[in-house]
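**Student:** give me a 3D structure for the following:
(chains A, B, C, D and E)
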Amino acid sequence: MSTALGKTGEVPVNGASPEKERWTPLIVAFCCNWCSYAGGDLAGTSRMDYPANVKVIRMPCSSRINPLFILRAFQRGADGVLVAGCHPGDCHYTSGNYYVRRNLSLFRRLLEFSGIEPERFQVSWISASEGDKFAGVMQSLTEEIKALGPNGKWRDSRWQSVE
Amino acid sequence: MTKYITSERLPELWARLADRGPLYLPVNEGTAVAFRAWEEGKEVNLEAVNSTVSPKEIFLPAWETYLKFERAGKKLALAPADANGLARPVTAFGLRPCDLRAIELLDLVFVEQDPPDELYTRRRKNTTIVALACSQPDPFCFCTAFGIEPTDAPGADVLAWKTGNRLFMEARTPRGEDWLEENSRLLQEAEGVEKPPPVESADFGLALEGLPENLKGRFEDPIWDQIYRSCLGCGICTYICPTCYCFDIQDYGHQEQGERFRCWDSCQFSHYTLTAGGNNPRPTRKERVRNRFLHKLQFYPERYEEFGCVGCGRCLRSCPVGIDMVSVIRALGGETVAR
Amino acid sequence: MPGSFLMPLVVTVKEIVTETPDTKTLRVVGEKGLPFEFQPGQCAMISLPPVGEAIFSITSSPTDREFMEFSIKEAGTVTRALHRITPGQQLGLRGPYGNSFPVESLRGKDLLFIGGGIGLAPLRSLINYCLEKRAEYGQIDIIYGARSPGDLIRKEEINRIWPSVPDTRVHLTVDAKFEGWEGHVGFVPSYLTELAFPPENRMAITCGPPVMIKFVLQALEELKFSPEQVITTLEMRMKCGVGKCGRCNIGSLYVCKDGPVFTRAQLDALPDEY
Amino acid sequence: MPRIGVFICWCGTNIAGTVEIEQVVNAARSFPGVVYAGDYRYLCSEVGQKLIKDTIKKENLERVVVGTCSPRMHEVTFRKAVAEAGLNPYLLEVANLREHCSWVHKDPAEATPKAIALVRAAVSKASLDEPLTALMLDVEKRALVIGGGIAGIQAALDIADSGYTVDLVEKEPSIGGRMAQLEKTFPTLDCAACILTPKMVEVAQHPNINLLTYSEVEAVSGFVGQFDVRIRSRARSIDPSKCTGCGICYEKCPAKVPSEFDMELGKRKVIYVPFPQAVPNIPVIDRENCLYFKRGRCRICEKECPAEAIDFEQQDEIIERRYGVILVATGFDSMDLTGYGEYGYGQHPDVLSALQFERLFNASGPTAGQVVRLSNGRPPQRVVFIQCVGSRDIARGQNYCSKICCMFTSKQAILLKEKLPETEAYIFYIDLRTAGKGYEEFQRRAAEEYGVIYLRGSVGKVFPEGERLLVRGVDSLSGRPLEIEADLVVLAAASVPRRDAPELARLMSINSDRYNFFDEAHPKLRPVETHTAGIFIAGACQAPKDIPEAVAQAGAAAAKAVTLLSKEKLQSEACVAKVDPARCSGCLHCEAVCPYGAIAATETEERVRGELLTRTVAEVNPALCQGCGCCTMTCRSGSVTLQGYTDEQMLAEVDALCLQR
Amino acid sequence: MAERRINNMEKIRTAVAQDLLSGRIDLLLGWEKGLYWWQSRPLFARNSEDLQRLTWDSFCVANLSGYLQEELKENKKIGILLKGCDSRALNRLVQDQMVDRERVVAYGLPCPGLLDPRLLKQEAGLELTALGIEEGEDRVTLTGTKGKSIAREELLLEKCRRCHHPDPVGCDQLLLPPVGSREDRSRFHQVTRLEEIPAEERFAYWSSQFERCLRCYACREACPCCSCRECFVEQEEPRWLGKAHENSENFIYHLTRAFHSAGRCVECGECQRVCPVELPLMELSSKIIKDINELYGEYQAGLDTEQDPPLLTYQPDDPAAFVE
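**Tutor:** Next up is the predicted model:
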């Protein structure tokens, strides 16, 4: 436990270690049902390959996102978070992703301002026909975050994962 | 036996004490001052009269985990959490006499009142307190109104005071003696009889005699309608206050595992008394402000025969809208005409 | 053990009885039968991590050795979670907390219980205790009401078991007319006034929603019950259960420690803030 | 915890080939709340579904989680299955173990833990599922068609023929629209009036069609099945029950104004029918220009009318009616060319828009069918047609191709040649777009049979030179500058949305594109639906199109409308947003972003210090909400949440996914 | 100067007294002196006696607009004294439909910038009580035991140093002559500085700040944009945030609080002013304002109530701060 008086519950910090080679990042991807989740389905139907450490949460629209969902993921040990939606103009609900673009642009900059590496939180527009883009984004996201190492900054010192 | 150390050598003392176990002392944080575990680079401030936040968190941390749980299917397993920071002896250095008195008041709740609170008691027993006599009151100080002597701290293990370049120290308890002995390598014997220099009293002209009794029939006094108005409903007063001790209990974790902790809570928060059924005996800021002041001035005296305020002046300084103990006591009529 | 008074026992829910659409009774057992000893009127803190803890009055009588019962109305987070569990679920339990009904000073007296809704829960502990030791107490009258017939809890006891005990009467009422309800219709306080029990050698013990208690106390005063003859039990938000965490104070008293059972005389001396 | 059952599907080897099913089932058994976990080879099969249904009953399951293919594939199937077992269909969650797991991760050592994590997340979410019910909405068996052009007419007839009542609202005094203004139609050169007029008459006589001309929609509220519409039927100043359509009134009327129908080339009377074949054949008095209404004197028509049908006191009529569906077919305008000063439009009487030129051919048009120069009344020797005026003009106009201009220009050139065989016709074009049945052949005929000269190039300037017009341009094939003397210049003005289209879009909460053409719900798959359920579009209000396309679209929209009208009840979206009024502070930011106008302010009561106060909070209309959740993003306090995807559920999913690394 | 202040005070008092005593308003929200000369606190004036305590000086810092919501439950019409920043807060509250503007009479007080008692104390130490100040146009002179003259700008509260709009906007009445806009001041100086340091250092900086947070929520309670009935912090269902002062929880609290003020923050700086442990909270909201301006065009909340808040509108070709 930690108070301002003394810190305990040290969190893993960035840096090289023998563990790091085997380490795979945990990535949570919030995908809209109509485009990006469907893009993920297409990646599957096309038997594309991307890292298994990406786990998708389905939402009706990218505008269902709440910055607190993203913060929660980081707090609970996610090393990267992705929000994916329809391309601007193609939103199934006409305008949701336009608002998301503003909202998450500001939020992403605020996160960066707080000291988190911007690569850890990304937003991408992936259409239902872009199975390749879906797989590509997951691949590159994993690689970028792998290069950064585990996210220790935001992790709640009490959170324990299971194998 | 009075000992002393010169100011230049204090860093050596800090290093030695910190080596022995956590050492909490007042350090600068911007223009605020807080009790922190000493480490190299912290700017110790022994001049500041009354740290911005009180040192109560040495004994009552802002939050502490006390149990861990695991669930599988319908099974539940509970285990006490490792008590943290209690493995090594703790030194609390530089607490002012009012803060010491506040800790004695907390003792009444957490140690004296049955059942004793193990978490608090263990921290208390594990800590050597070196009090620091005041040499000049802050504009907000009014400890003498509560009969506190700014140059003495009966509850401390060691009393320290500054005279010129020297920080004198005198043991008040056997533990204090041991502590001085342990650190004697760094300390020098005082030549003659040394005493803290006297300090002018600070009481804002408050007359508190009979106030608890006077307040008894005044729960519905219309003055409360005026006192609370500007209250923002924040928890500043309660969190910086050395005698406020309310806490909450909450769980952290997931369906499958996690822990339970207790943390500070404030009677100024609307959810503090809100029941699950939606009933709130103190629904507005008015009831909450009244409860806080009456707790210090009437309820605490009724239950423990002591005022629940020590006149440290923190609320006078930090309340952003000027609702403070002195103004409230004055509004309640507790002011002498003489001054 | 650090924080031992905050450390719950692990108990197992043996059985769950659905009382009303929003009230269930949990029957819990410890490792060896009853989790701990207690007195009628006392409370205990139940927890289901990671949802948290909440305090409940113990509904069963200490004379009942098989299990401890809690009648729980769904209201907040914890109760919602407790309503979702199934038998066999293990829970955290700590207690007992607070004072209890003055069973000694009630002895030999006629007892008038006045309950509303889920407020029967704490009374039931005492009722069953007294019925268990039937000879020690005088006439027992139980006035119990709820919004609707469906909201009356412990139907088996109020309808069948209690009325069959000698010198024991149950007076049921519901707030409004309902089809199939042939009993009394009206609010509890007015039914109390109607029934007009004489105060001589009688103690009144009441529990229910705050607004009901308010009017019951009034009605009892009109019936010339003295403040010492009226006992009520209060509900406040509580966390520690031992008078330390602060939130359940009324004036200088803590409901969790000095209560929850108070006489009217005690309450009159306290600020009106409950 | 509710009693949760978990079913893992092998999908043959599709899932089982990569994911260790047994491990997943065992892990699922240990999750809080799970009382049953099993697997089956093909869960979506009859037998698989029966397993689920039987287990729900046997184990008394309260929630079901299936680990199968994508929920986009079979969520509906499994929802139906659980519903058949007596559970609310929304108490089901799907973990996507195929598309998102076994098909994209080849190594079982990776795929299996991921499958476990996905199932864990689904279980966490399922434990917080609440039963949801879609609203069953009544359907008012009545359709509203807005716009009485060929698309609106066709749609109204189709719907009416299916047995439903249709109100057809037309802003002008007569239906007919743009097609009524045309002389002939390409590529068949049918007489427009000959094919249109019978349909107009059919509308007027159809027992299921209620024709509201000279009327406009003023307000629309409600939702699919129950649109409440306010229509203003403007006062004609004529009692239709008395008028015989004899026409004496407009013969005698002394006041004349430019005729809208003739594109302001000719004049009409102030009491008038727009054109001889008008339906209904009942005149209106244009009150803005009527001498009596302006100056208080005249009333000649009243004196002359043998039927005593003139009624100067007549008031606008407000019609408030409920409709199950609305079909919008408001058509297009010819672009206002005043911005094209270099072509001399509006400055020289011999520079005409194509629609104006069309009117010259018409026997009842401004020149009684004589194709003449308006400057001197003589037939032109040479006519230059300029295409893409406004269209495909990124700098000034509309970026799009107006689609019909290539064809109608060829048609007008042919009509010209037929009328005045000696007259030369030049057509400046950028590209010739003749996709359509018989279109290419038609254009070739113009060039080859009629000798119309097609010049690929653009015109920079048109200016008077003596009595004639000098057209200065560039032949883009040769790159040579060109100068052609012409007697008439015809500009193929872009087709643009009606000027009041944005207002109408706002009234009905339908979307428009950047040019204010109404947007279809999906450009490929839902071409006649809008984003607002129950509102359909047809014809040129959606994009420029020719008559056969407009008619086809109208038929399609009518079919969609009829499908809807034929339903006893409509099921609304079940996963809709919901406001907690106790939490809502009423800032209404959610209202501002809702794409469906499904959120509105309402009043709620609360007791403050014993006093009952009312305050404003937001409220979701579940019939309008489509469940996107955009509102939830704007709500800081989480007062509005999306059922089926509640904040608690989203957080639970995050927690569960993160629990396992 | 002193004389002018007294004149000002009389002007203000006369103006509001007329309205209060005539019953045009039921309550006046203003300030009165606190315990010491460097403390002024909110005043809820209902009669002429109360009005005698009304004060307007360099310490009238509390933004009174936050009281309107509650007080309007008890009063029909309320008069309120507003500095530049306070007036924007009122406008913002009106725009969010939290306050019925018809029931408020807003008296504008053009504000020369207020003095920071913490800085005065740094100058004077424990002797503060023995001191007084004399305020000149641009300088402040400490009187009493010290006789030091300091540039006023140096003694201003942080929020006042970056204030662009000292003159109230949208008030019913300006009680004093305007002081003129101060757009020459730098609002984003600190934000830019923080943006420029490496991410690791920035994180360390914010960690060292947030770990001191007491979670007293004064920043939230004092914020005129924080108008939720139940903040996400308190909610149990769902529990967005725990009560432990764990560093990640503190981060989430502060970032979310700031983000919830996106497009709403009127830069009154009360969050930072009331913070008992002096967290640099304005930098968070300033950062968001700076980004809004950069990405979606200049927007200053509470200036123009007709302008769409930036998060409630969009342009199809908006830029994004991520690789689309």
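
**Student:** quick check: residue A:135 touching residue A:43?
**Tutor:** Yes: contact status for residue A:135 versus residue A:43: in contact at 4.5 Å, counting by C-beta atoms under 8 Å. No exception for glycine: its C-beta is placed from N, CA and C like everyone else's.

**Student:** settle it for me: which of the two has more neighbours?
**Tutor:** residue A:43 (26 against 23; other C-beta atoms under 10 Å in any protein chain shown).

**Student:** what's near enough to touch the more buried one?
**Tutor:** Listed by C-beta atoms under 8 Å, 6 or more residues apart in numbering or on different chains, the contact set of residue A:43 reads A:50, A:131-132, A:134-135, D:99, D:104.

**Student:** make it 10 Å
**Tutor:** Taking C-beta atoms under 10 Å, 6 or more residues apart in numbering or on different chains, we find residue A:43 in contact with A:49-50, A:126, A:130-138, D:99-100, D:103-104.

**Student:** tell me the confidence at residue 1?
**Tutor:** I'll assume chain A. pLDDT for residue A:1: 39.

**Student:** I was after chain C.
**Tutor:** 41.

**Student:** burial of the closest residue to chain B within the stretch 1-150 of chain C, as a residue count?
**Tutor:** Residue nearest to chain B within the stretch 1-150 of chain C (C-beta to the nearest C-beta): residue C:76, separated by 2.7 Å. Residue C:76: 19 surrounding residues under other C-beta under 10 Å.

**Student:** for it, give me the pLDDT.
**Tutor:** Value listed for residue C:76 in the pLDDT field: 87.

**Student:** inside strands: which ones of the contacts of residue A:43?
**Tutor:** With DSSP state E as the criterion, strands contain none of those.

**Student:** are any of those buried, and which?
**Tutor:** With burial judged by 16 or more other C-beta atoms under 10 Å in any protein chain shown, the buried subset of the contacts of residue A:43 is A:50, A:126, A:130-131, A:133-138, D:99-100, D:103-104.

**Student:** contacting residues for residue C:270?
**Tutor:** Residue C:270 makes contact with B:219, C:249-253, C:258-259, C:262, according to C-beta under 10 Å, 6+ apart.

**Student:** just put those in CSV and tack on pLDDT, distance to chain E and secondary structure.
**Tutor:** Shown next, in CSV, are the contacts of residue C:270 (pLDDT from 0 to 100; distance: C-beta to the nearest C-beta, whole Å; DSSP: H, G, I helix; E, B strand; the rest coil):
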residue, pLDDT, distance to chain E, secondary structure
B:219, 92, 21, coil
C:249, 92, 20, strand
C:250, 92, 23, strand
C:251, 92, 26, coil
C:252, 92, 25, coil
C:253, 93, 26, strand
C:258, 92, 26, coil
C:259, 86, 25, coil
C:262, 95, 29, strand
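
**Student:** write the PyMOL selection for whichever of the residues you listed are buried.
**Tutor:** In PyMOL syntax, the buried subset of the contacts of residue C:270 is picked out as below (16+ other C-beta under 10 Å):
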select buried, chain C and resi 249+250+251+252+253+258+259+262
